[in-house]
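*Asks:* Sequence and predicted model, in that order:
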Amino acid sequence: MSKIWMILLTICLIMFGVANAESTAAVYEKTINVHDSLPPYIIRITDTGEDTADMDSDNILLVEVYSGNGEQLQSFTYFSKESPEYDGAAALVMAKDLNFDGYNDLMLLSAAGAQNVYYAFSLWDVEAKQFRPVYRDCVWLREEARFSDEAVQIELCNLEILPEQRMLLSSDPDGFYYIREIFYMFDGSYHLTPKYIWDVYRDDDGMIRETMVEYMTRLVFLWDETYPEDWYYGQDGVGASSERRRAAHKT
């Protein structure tokens, strides 16, 4: 009889531990406004606890959208190195109009470092009156000079919104010397196209390679050059690099 009670007690303790762990799981909430004609929405972020095969991402986070009265409207997931406990300088969730349609979209922090901050994003569907799944597309493969065959989660780095050009600038520096900047435009309301890709990276020892790719209906290399590193950056970082960056931004 004592053994049965011990087994029952053990089961109760295990169930209590599971319930307690679930109750203390971190939850992030933020109220956002999509448009003046729509009510505010509550965004709730939790960690699914699921494993990810993507070695660059540590967590699969669950995004739940609620009305002001607590009704769940939709949910979807995204990959992130961060967790709902994140309390750094970057916002875990932001609402910004990315596709220039007058409605705020959802930006979801996927990684934050000392220099670079990356956001996945979910566009607001005006007709459906809900957020679309986190945006995925093929990415530029520098070494192969082509776009990938498989779509992945697109992340915008150090995002700058350029309303006059109706462009998004994703600027991803790699240390002091190297950088990739992608100028995005929307093809319609919901398809993001990398219009220009400016890439500066090490070619051989002491050499810098700089490429500028244009892509709309087809892929065109506007330039593909190599330069001596000491000429490109000069003494104390003062060289041709600033002029080359200005040329890329004027294209």
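*Replies:* That came in fine, so what should we check first? For clarity, every value in this text was computed on a predicted model and none was experimentally measured.

*Asks:* Now do the SS call for His249.
*Replies:* Judged by DSSP: H, G, I helix; E, B strand; the rest coil, the three-state class of His249 is helix.

*Asks:* So what does the residue lying closest to Gly88 once chain neighbours are set aside look like in phi/psi?
*Replies:* Leaving aside its chain neighbours, Gly88 sits nearest to Ala112 (5.3 Å; criterion: C-beta to C-beta, 6 or more residues apart in numbering). (Each C-beta comes from the backbone N, C-alpha and C, glycine too.) Backbone torsions for Ala112, taken as degrees, to the nearest 10, come to phi -140, psi 120.

*Asks:* ok, Ala112 - how many residues close by?
*Replies:* If you count neighbours by other C-beta atoms under 10 Å, Ala112 ends up with 19.

*Asks:* need the strands for the stretch 1-150 of the chain, in chain order.
*Replies:* Across the stretch 1-150 of the chain, reading from the start of the chain, the strands by DSSP state E, counting those that start in this stretch fall at 28-32, 41-47, 59-66, 72-80, 93-96, 105-112, 117-122, 124-125, 130-131, 136-137, 140-141, 146-147.

*Asks:* The ones you listed: which one's closest to Tyr86?
*Replies:* strand 105-112 (6.8 Å; C-beta to C-beta).

*Asks:* What is the closest one packed up against?
*Replies:* Of the remaining helices and strands, those touching strand 105-112 by 3 or more C-beta pairs under 8 Å, 6 or more residues apart in numbering; DSSP states H and E are strand 59-66, strand 72-80, strand 93-96, strand 117-122.

*Asks:* quick one on the thing from earlier: quick one: closest of the strands of the stretch 1-150 of the chain to Arg244.
*Replies:* That would be, of the strands of the stretch 1-150 of the chain and by C-beta to C-beta, strand 140-141, which comes in at 19.0 Å.

*Asks:* give me the low-pLDDT residue ranges for the stretch 101-250 of the chain?
*Replies:* Counting by pLDDT under 70, the stretch 101-250 of the chain shows low-confidence ranges at 236-238.

*Asks:* Hmm, Asn69 and Tyr41 touching each other?
*Replies:* No - distance between Tyr41 and Asn69: 11.4 Å, which falls outside the contact criterion (C-beta atoms under 8 Å).

*Asks:* Who has more neighbours out of those two?
*Replies:* Tyr41 (22 against 7).
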